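**Student:** Test case, fold it:
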Amino acid sequence: PGPAGDDRRILVALHDFDTSALGADWPFEEPPLAFSAGERLELVEGAEDGSEGWLLGQVVGQIARRGYFPSNFTKDAQEAAASGAGGWAVVPHDFDSIALG
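**Tutor:** Next comes the predicted model:
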């Protein structure tokens, strides 16, 4: 959680996510969310909705930039800060390993 009374879950992007690599058969109502490594994302919805491997979120401070993104492209901001690594880690980013529904 953030400041007192703020229970938002903030993630840090570990990699750039280029949505142009996705095909036309996108399975979600919301669009994919493109972002750059280092951007902070607010989690809106997790995998409980059947979107295993994908999260719904928005770029912090930019509500219009909202959509789905692969969970393995991000790390919890608090965990990143606690690890002292600044959120940077090697994380696989193979689209074939992510279920599209």
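
**Student:** Report the beta-bridge partner residues of the residue found closest to Pro31 once you drop the neighbours it is linked to in the chain.
**Tutor:** Residue nearest to Pro31 in three dimensions, not counting chain neighbours: Gly67, with 4.5 Å by CB to CB, 6 or more residues apart in numbering. For glycine as for every other residue, the C-beta is placed from the backbone atoms N, C-alpha and C. According to DSSP bridges, the partner residues bridging Gly67 are Gly57.

**Student:** How many neighbouring residues does Gly67 have?
**Tutor:** 21 (other CB atoms under 10 Å).

**Student:** who's in contact with it?
**Tutor:** Applying CB atoms under 8 Å, 6 or more residues apart in numbering to Gly67 gives the contacts 30-33, 56-58.

**Student:** need the next SSE after the helix or strand hosting Val12, C-terminal direction.
**Tutor:** Using DSSP states H and E, Val12 sits within strand 10-13. Using DSSP H and E, the helix or strand that follows strand 10-13 towards the C-terminus is strand 40-45.
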